[in-house]
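Novice: Give me a model of this one.
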Amino acid sequence: MDIKGVREALHRNPFTPFTICLADGKTEIVPHPDFVAIAGERRIVVVRQDETWAVIEPLLIVSLEYEAEAASKGNGAPG
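Specialist: From the prediction side, this is the model:
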């Protein structure tokens, strides 16, 4: 995924919390746009979690999952 997709997610109106899904299976939750900084030309995404920071290479982002999508996947009705 390119950095454009992350920027679009950060600027949704109204903002919807989302999860950044990485190629190694790790995830980073973004509860608010203020928790992400995008470094201009280096194109590195920095996500704040509690009191820590994760530096993410945008090429390792495989998808973005929005809160409503995650809830619908986890709350399927029994068949």
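Novice: And for the residue nearest in space to the middle of the chain, nearest residue in space, chain neighbours not counted?
Specialist: Of all residues in the chain, the one closest to the mean position by Cα atoms, centre = their mean is Ile20, 3.0 Å from it. Residue nearest to Ile20 in three dimensions, not counting chain neighbours: Glu28, with 4.4 Å by Cβ to Cβ, 6 or more residues apart in numbering. From N, CA and C alone the C-beta is placed, and that goes for glycine too.
Novice: Do you have the strands of the chain handy? List them.
Specialist: For the chain, the strands defined by DSSP state E occupy 18-22, 27-30, 36-38, 45-49, 52-56, 61-66.
Novice: Name the residues that touch the shortest one?
Specialist: Put plainly, it is strand 36-38. For strand 36-38, contacts defined as Cβ atoms under 8 Å, 6 or more residues apart in numbering pick out Ile3, Val6, Arg7, Leu10, Val30, Ile44, Val45, Val46, Val47, Arg48.
Novice: average pLDDT for it?
Specialist: The average pLDDT within strand 36-38 is 90.
Novice: Figure out how far that strand is from the centre of its chain.
Specialist: Centroid separation between strand 36-38 and its chain, computed with Cα atoms, centre = their mean, to the nearest Å, is 11 Å.
Novice: Name the residues of that strand that are buried.
Specialist: Residues Val36 are the ones in strand 36-38 that count as buried (16 or more other Cβ atoms under 10 Å).
Novice: Also stretch 46-66?
Specialist: Quick answer for stretch 46-66 (16+ other Cβ under 10 Å): Val47, Arg48, Ile56, Pro58, Ile61, Leu64.
Novice: Dump those residues into TSV; add distance to Asp34 and pLDDT as well.
Specialist: Below are the buried residues of stretch 46-66 laid out as TSV (distance: Cβ to Cβ, whole Å; pLDDT from 0 to 100):
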residue	distance to Asp34	pLDDT
Val47	11	81
Arg48	8	80
Ile56	16	89
Pro58	19	89
Ile61	19	93
Leu64	17	96
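Novice: hmm, back to that, for the residue nearest to Ile20, give its distance to Ala9.
Specialist: Computed as Cβ to Cβ, to the nearest Å, the Glu28 to Ala9 distance reads 12 Å.
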